[in-house]
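In: show me the folded form of this:
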Amino acid sequence: MKGGTHGSGCTYSAALVSSLAKGYKIDEAAKIAKDFVVEAIKGSVPVGKGVGPVNQLAGLLHNSERYTVLQDMKEGVRILTECRDFAGLIPEVGCNIAMALPAAGSTADIAAVTGRIVKVKGTAQVVGDIDFGASSHVARIILASMKYDPIFRAAVNIRYSEQLIDICKELDFSISSFSREEEPEDAHTMDWGTANAIETHGGIPDIISDKGGIGKEAMIRIIGHSATEVAHKAAKIAERYVACKELN
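Out: You can find the predicted model right below:
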């Protein structure tokens, strides 16, 4: 397990005693104390030289971060579903919006819509609820982006078209792309594709797109710092898209 362990014994014994004082049985108290110290070790922050100290507030901070992410996700979903123009941007496979915890290490640390956002009678409808570990496609894009810059913790996918790419340019969004035809045989598309687009761009762009492949729908992914930020970007694209259709 990664993390500093200085103070782990004292932390464990203190957690054990306090749990016993609360009336828990010895086996229950031992488990509570172990879980507490594990979180403290995982959440430790390096200080100076040598073995780092545990962080007794790690569990509390972790729960706070989860709550913050879920609240931001709820607002992001609200922005998308209340945007009357967004339905026109939803891909055939549906769309998802996701946001990661600050130190996300896997898809389990990323919140998303469990059943995606789909188009129903010209409106954007949420299927399912918001939970951690609910996405693979969008979550992998976020994880790949965070390896380059951990503050880019959110993304949403929309359908691809040259007109939408042109609209992104008009909105001054930075754009990069990748080709599935260039993907190495042993690579995972979203991991490799996102990294390839970022390296080609020389940084993390607002937009990462690809033109699809056999059995794979072309897609645009909007990258940002939070779910609300990428939702607002998507809403701007949708509004400009509908305005262009009305002019034509």
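In: mind jotting down where the strands sit in the protein?
Out: With DSSP state E, the ranges of strands along the chain come out as 97-100, 110-113, 117-120, 123-126, 130-132, 154-159, 175-177, 207-210, 219-224.
In: buried residues of the fourth one, list them for me.
Out: Going back to what we said before, that points to strand 123-126. 124, 126 (16 or more other CB atoms under 10 Å). Backbone N, C-alpha and C define where each C-beta goes, glycine included.
In: the fifth one too?
Out: The neighbour-count criterion (16+ other CB under 10 Å) identifies 130, 132 as the buried residues of strand 130-132.
In: can you map out the helices along the chain?
Out: Remark: helices of the chain, listed N- to C-terminal, are 8-21, 26-42, 58-82, 137-148, 162-170, 189-201, 227-247; assignment by DSSP state H.
In: number of residues surrounding the closest residue to Leu143 other than its chain neighbours?
Out: Leaving aside its chain neighbours, Leu143 sits nearest to Ala104 (6.5 Å; criterion: CB to CB, 6 or more residues apart in numbering). Residues within reach of Ala104, counting by other CB atoms under 10 Å, total 21.
In: list the contacts for Ala104?
Out: By CB atoms under 8 Å, 6 or more residues apart in numbering, the contact set of Ala104 is 110, 142-143, 146, 153.
In: what do you get for His188?
Out: His188 touches Arg140, counting by CB under 8 Å, 6+ apart.
In: sorry, back to before: looking at the helices of the chain, which one is packed in the most?
Out: helix 137-148 (a mean of 22; mean count of other CB atoms under 10 Å).
In: tell me what angle that helix forms with strand 154-159.
Out: Interaxial angle of helix 137-148 relative to strand 154-159 (axes from the mean of the first three to the mean of the last three CA atoms, to 10 degrees): 130 degrees.
In: quick one: mean pLDDT over helix 137-148.
Out: The average pLDDT for helix 137-148 rounds to 96.
In: which residues touch that helix?
Out: 96-100, 104-107, 110, 112, 152-157, 188, 190-191, 194-195, 198, 203-204, 208, 221, 223.
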